[in-house]
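J.: take a look and give me a structure for this.
(chains A, B, C and D)
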Number of protein chains: 2
Amino acid sequence: MYYVNDKEYECSVSVTMDIFNDRWKLAVIWYLLENDKRFKELSEDINAISQKTLTIKLKELEEKNIIKREVFAEVPPKVVYSLTPIGRKLKPVLKEMFEWGIQYVKENGKIDNK
Amino acid sequence: MYYVNDKEYECSVSVTMDIFNDRWKLAVIWYLLENDKRFKELSEDINAISQKTLTIKLKELEEKNIIKREVFAEVPPKVVYSLTPIGRKLKPVLKEMFEWGIQYVKENGKIDNK
DNA sequence: TCCCTTACGATACTTTAGGTAAGTAATGAT
DNA sequence: ATCATTACTTACCTAAAGTATCGTAAGGGA
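T.: Residues are numbered from 1 along each chain as shown, chains lettered A, B, ... in the order given. Below is the predicted model:
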């Protein structure tokens, strides 16, 4: 059994899934693997996400210790998000998902370069 | 760009996420990696899932060509689910998620063996 | 004859995720 | 004096997902 913040998991895959388990968090992690990003940069990268949802997802990821939030005392505000060490270790997971996705599309869809 | 059934994806990770992106499908895949399973076996493995939801998730996975459904003409009914070749290729993805989950719990939670 | 079994389908209800749209604070630029 | 900017917050609404419960087919066993 695995415990994280009083939550119980039978399998470590469920622990991981609790972080992935929505439409947006993986996208946030994906773009933060490129670079540290400001709030606005992320909302441009993931242009279909609403500000409200992005705010919520960033807060959840911070609580789970996947990302770090740094506030700069400037006007207009500047807040920079980056991956924590454990967050950065998600890269191989994303990589496998990336590669599986390509294989899947080759068999079940099509790829259009451009 | 990636296209699967008229749906457009910017990145192959999104393709993969479209399969993972709910509470249950990954669990189904996880248990089918052990063995081919009957409906009832799966609903016992994933004991928190309702029958209706399991039915829906199995149908979705079948439509996406991740699992195969075999009906046996017996009474009481017998239906066996198994992974397709592309479904079985999800194993490395699950493996990375499994290992990341363990690392994460080591840092942020605790593991109780038993 | 009645109950048991499996794999669902139908129905009704509740929960939750996420969207839109508006507002806010603080300051520098015009 | 007003506007633009950034990173949010708040209120409201809808659609999707999930739950619980009942019904059903079809044959075998007591």
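
J.: and the helix or strand hosting residue A:16, does that touch chain B?
T.: Residue A:16 is part of helix A:12-20, with elements assigned from DSSP states H and E. Yes - judged by CB under 8 Å from any CB of the partner chain, helix A:12-20 comes into contact with chain B at A:12-17, A:19-20. From N, CA and C alone the C-beta is placed, and that goes for glycine too.

J.: tell me the SS of the closest residue to residue A:39 other than its chain neighbours?
T.: Nearest non-adjacent residue to residue A:39, counting by CB to CB, 6 or more residues apart in numbering or on different chains: residue A:79, 5.3 Å away. For residue A:79, the assignment made with DSSP: H, G, I helix; E, B strand; the rest coil gives strand.

J.: what does residue A:8 give?
T.: For residue A:8, the assignment made with three-state DSSP gives strand.

J.: what pairs with the residue nearest to residue A:39 across the strands?
T.: Taking DSSP bridges, one obtains residue A:71 as the residues bridged to residue A:79.

J.: show the contacting residues for it.
T.: A:38-39, A:69-72 (CB atoms under 8 Å, 6 or more residues apart in numbering or on different chains).

J.: for it, give its distance to residue A:29.
T.: For residue A:79, the distance to residue A:29 equals 17 Å [CB to CB, to the nearest Å].

J.: same check, this time on residue A:40
T.: Distance from residue A:40 to residue A:29, by CB to CB: 18 Å.

J.: likewise residue A:3?
T.: Per CB to CB, residue A:3 is found 23 Å from residue A:29.

J.: who touches stretch A:47-65?
T.: Identification of contacts with stretch A:47-65 by CB under 8 Å, 6+ apart yields A:19, A:22, A:24-25, A:27-29, A:39, A:42-43, A:46, A:67-69, A:81, A:84, A:86-87, B:107-108.

J.: so what's the spatially most central residue of chain A closest to, chain neighbours aside?
T.: For chain A, residue A:29 is the residue whose C-alpha lies nearest the centre (CA atoms, centre = their mean; 2.6 Å). In this structure, residue A:29 finds its nearest non-sequential neighbour in residue A:90, 5.7 Å apart by CB to CB, 6+ apart.

J.: is the worst-scoring helix or strand of chain A on mean pLDDT anywhere near DNA strand C?
T.: Least confident helix or strand, chain A: strand A:7-9 with a mean of 88, by mean pLDDT, DSSP states H and E. No - judged by CB under 7 Å from any atom of the strand, strand A:7-9 and DNA strand C are separated, with a smallest distance of 13.2 Å.
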